[in-house]
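>>> Return a 3D structure for these sequence lines:
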Amino acid sequence: MEYVSYGDFARLQMRVARVVSAESIPGKTRIMRGVVDLGDQTRTVIIGGAQYYEPGEMVGRAVVVLANLEPRTVAGIRSEAMLLAADVDDKPFWLEVPDDVPSGSPIL
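The predicted structure follows:
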């Protein structure tokens with residue numbers, strides 16, 4: 001395991017976000033397109049695990065995202081954040097918070 005400094009960790013902006021929409025991407029079986037609400041804005045994201053989850057299963061989840069990750073284009077879609085998940089045998093288990101935690105809340 002490689003250690004990182006507290007300063008490096010502090011630069012990460014993790015926030016609570018609600019998945020407001022999700023849809024399949026034609027020709028892609030492992031990813032889907034989603035939109036998350038960060039409280040003061042919405043962002044488009046690529047969501048992995050489409051072989052395990054239907055788009056409708058993602059909508060409404062209160063998830064943890066890395067909000068200040070550099071945007072990246074995947075399958076022609078600009079992804080503006082990353083949902084965090086535990087990875088068990090390549091299946092993502094999304095990090096979720098209770099529904100009463102407001103979108104945009106910082107993760108400390």
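>>> and the helix or strand bottoming out on mean pLDDT in the chain, how far from the chain's centre?
Ranking every helix and strand in the chain by mean pLDDT, DSSP states H and E puts helix 6-10 at the bottom, with a mean of 94. From the chain centre to the centre of helix 6-10 is a distance of 20 Å (CA atoms, centre = their mean, to the nearest Å).
>>> Check which helices and strands that helix is in contact with.
Applying 3 or more CB pairs under 8 Å, 6 or more residues apart in numbering; DSSP states H and E, we find helix 6-10 packed against no helix or strand. To be clear about C-beta, it is placed using only N, CA and C from the backbone, and glycine gets the same treatment.
>>> which of the residues in that helix are buried?
For helix 6-10, a neighbour-count test (16 or more other CB atoms under 10 Å) marks nothing as buried.
>>> Measure how buried residue 61 is and give me the count.
When neighbours are defined as other CB atoms under 10 Å, residue 61 has 20 of them.
>>> In contact with it, which residues?
By CB atoms under 8 Å, 6 or more residues apart in numbering, the contact set of residue 61 is 18-19, 94, 96.
>>> what pairs with the residue nearest the centre of the chain across the strands?
Closest to where the C-alpha atoms of the chain average out (CA atoms, centre = their mean) is residue 83, at 1.8 Å. Beta-bridge pairing of residue 83 under DSSP bridges involves residue 65.
>>> re earlier: distance between whatever helix or strand comes next after the least confident helix or strand of the chain and the chain's centre?
Moving toward the C-terminus from helix 6-10, the next helix or strand (DSSP states H and E) is strand 14-24. Centre-to-centre, strand 14-24 and its host chain are 6 Å apart (CA atoms, centre = their mean).
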